[in-house]
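**Q** Coordinates only, no sequence provided:
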């Protein structure tokens, strides 16, 4: 079985399947289609399937001009029919793994995907879980379902975990040139998984097993989360002491060894950093270990939207205005610059808190034309006129190309959470 599948991979005759066609799955499917494989995407969202089969992209990093020729050439197709898994040689699972309100792993999407695969499973297939999760998921949740038909892992079929490393909006590092870590349940599984990725991606990094590969992703994002939490706490300290935290960080960053700069902000956003470390925290508690750094950093980062709103309220108070009834305009709602993604965005939390305190809130974001919050619809406003009409402008996301000179000219007061106006000296500007 192993040699047959390796032969198919090396000759690019293997039929590749990707379950979950979001920010992770679609770019992966496109790379394998580019490499010459016939790729079938599977998703329960009919809108994604219809768009993809029409040659249209719905992901910012994947232009329609890339998708259309692949669809036209028959290299890329999509379906909601999971029985088509029977015809595939490889299946990558790229579905969401959110947290519950109690910050426990919600494995609903993974369970559903694995069940659909198991119902249409057979010998000779490679299954790779890419959804970020806790160490042990592949072994404890995926493997038992695939072995139900009497097949033996490492001989009759192959099972791996490979952490996704997607960074939306990153022009330099994308799916093809980001090193791909992969660990199999057995040595044969790792060999097949590594051979699979090597056909389409620039560099593959095999590790000894699925648990190692699962932990790699959690280490990467926990590292960022904890360091961001530390510098967010430092920004609060510096604010109390009258010290410019941005100047402190920039000076420390001149040290050529032993220091890596992280920067404070209004909170954590995105599909990874605010969520993934809590998978590790949850799993560690099952082993009787308290993940204290993770819990503390999570608390600090979670408090940053409240800290920002307090800054806004205090800044308005210094200008003899109450927050209740004041017009507050937010610049940037996406969780990071130059993308159309608001998942876990601190801008949403800040808007929610401002509305709770009675402010009149509007926003400008060229990547987010409309959003729904508090049961209402908000539309992105013209920046200059909205800034001129606001009592306070808050920079939440520092998008490229924003004319901050015009913002400074129009706005009576600015709370800058990103140090976006650092080149200006004005009593109008309040920083973290």
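**A** Nice, thanks for sending it over. All of these numbers come straight from a predicted model, not from anything done at the bench.
**Q** check contacts around residue 323.
**A** With contacts defined as C-beta atoms under 8 Å, 6 or more residues apart in numbering, the neighbours of residue 323 are 312, 313, 316, 317, 354, 357, 358, 359. Where you see a C-beta, it was placed from the backbone N, CA and C, and this is true even at glycine.
**Q** can you pick the most crowded of those?
**A** When neighbours are counted by other C-beta atoms under 10 Å, residue 312 leads the contacts of residue 323 with 27 neighbours.
**Q** how deep is the residue nearest to that residue when sequence neighbours are not counted tucked in, by neighbour count?
**A** Nearest residue to residue 312, sequence neighbours excluded (C-beta to C-beta, 6 or more residues apart in numbering): residue 415, at 5.2 Å. Neighbour count of residue 415, defined by other C-beta under 10 Å: 27.
**Q** let's have the chain start at 406 instead
**A** Sure thing, new numbering starts at 406, so read that last one as residue 820.
**Q** In which helix or strand does residue 820 reside?
**A** strand 819-821 (DSSP states H and E).
**Q** Can you list the strands that that strand pairs with?
**A** Under the criterion DSSP bridges, strand 819-821 sits next to strand 797-800 (parallel), strand 834-836 (parallel) in its sheet.
**Q** can these go into JSON lines with extra columns for mean neighbour count?
**A** Listed next are those as JSON lines, based on neighbours: other C-beta atoms under 10 Å:
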{"stretch": "strand 797-800", "mean neighbour count": "27"}
{"stretch": "strand 834-836", "mean neighbour count": "20"}
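**Q** would you list the ones you listed in a markdown table and tack on mean pLDDT and distance to residue 639?
**A** Shown next, in a markdown table, are the strands paired with strand 819-821 (pLDDT from 0 to 100; distance: least, C-beta to C-beta, whole Å):
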| stretch | mean pLDDT | distance to residue 639 |
| --- | --- | --- |
| strand 797-800 | 98 | 20 |
| strand 834-836 | 95 | 13 |
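**Q** Need those in a markdown table (columns: distance to residue 752).
**A** Shown next, in a markdown table, are these (distance: least, C-beta to C-beta, whole Å):
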| stretch | distance to residue 752 |
| --- | --- |
| strand 797-800 | 9 |
| strand 834-836 | 17 |
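**Q** Just tell me which of those ends up closest to residue 669.
**A** In terms of C-beta to C-beta, the element of the strands paired with strand 819-821 nearest to residue 669 is strand 834-836, at 9.3 Å.
**Q** all strands of the stretch 406-555 of the chain, in order?
**A** For the stretch 406-555 of the chain, applying DSSP state E, counting those that start in this stretch gives strands covering 420-424, 443-447, 481-484, 495-498, 531-534.
**Q** Please work out which of those strands is packed deepest.
**A** Greatest average neighbour count among the strands of the stretch 406-555 of the chain goes to strand 531-534 (a mean of 29), per mean count of other C-beta atoms under 10 Å.
**Q** just checking, what packs against that one?
**A** Packing partners of strand 531-534 (3 or more C-beta pairs under 8 Å, 6 or more residues apart in numbering; DSSP states H and E): strand 495-498, strand 563-566, helix 592-603.
**Q** Now tell me what touches that strand from outside.
**A** With C-beta under 8 Å, 6+ apart as the test, strand 531-534 has contacts from 410, 494-498, 515, 522, 542-543, 547, 551, 562-567, 587, 594, 597-598, 601.
**Q** Next, give phi and psi for residue 775.
**A** Backbone torsions of residue 775, given as degrees, to the nearest 10, read phi -150, psi 150.
**Q** pLDDT wise, what is the residue lying closest to it once chain neighbours are set aside at?
**A** Among residues not flanking residue 775 along the chain, residue 784 sits closest, at 5.1 Å (C-beta to C-beta, 6+ apart). Per-residue confidence (pLDDT) for residue 784: 97.
**Q** picking up where we left off before, pick the one among the contacts of residue 728 closest to residue 438.
**A** Nearest member of the contacts of residue 728 to residue 438, counting by C-beta to C-beta, is residue 759, at 44.5 Å.
**Q** just checking, next helix/strand downstream of the helix or strand where residue 782 lies?
**A** Here residue 782, judged by DSSP H and E, is contained in strand 781-784. Reading on from strand 781-784 to the C-terminus, the next helix or strand found by DSSP H and E is helix 788-794.
**Q** what's in contact with that following helix?
**A** For helix 788-794, the surrounding residues in contact (C-beta under 8 Å, 6+ apart) are 732, 734, 736, 767, 769, 798, 807, 808, 811, 812, 815, 816.
**Q** Flag every buried residue along it.
**A** By neighbour count on 16 or more other C-beta atoms under 10 Å, the buried set for helix 788-794 is 788, 791, 792, 793.
**Q** any idea how far it is from the chain center?
**A** Here helix 788-794 is found 31 Å from its chain centre; the criterion is C-alpha atoms, centre = their mean, to the nearest Å.
**Q** again with stretch 709-717
**A** In terms of C-alpha atoms, centre = their mean, the centre of stretch 709-717 is found 24 Å from the chain centre.
**Q** and if you look at stretch 500-507?
**A** Averaging C-alpha coordinates over stretch 500-507 and over its chain gives two centres that are 13 Å apart (C-alpha atoms, centre = their mean).
**Q** Run through who's touching that stretch.
**A** Stretch 500-507 is contacted by residues 424-425, 427, 430, 510-512, 514-515, 517-518, 536-538, 676, 680, 683-684 when judged by C-beta under 8 Å, 6+ apart.
**Q** Next, the buried residues of the lowest-mean-pLDDT helix or strand in the chain.
**A** Every helix and strand of the chain was ranked by mean pLDDT, DSSP states H and E. The lowest is helix 681-691, at a mean of 86. In terms of neighbour count (16+ other C-beta under 10 Å), helix 681-691 has its buried residues at 681, 682, 683, 684, 685, 686, 687, 688, 689.
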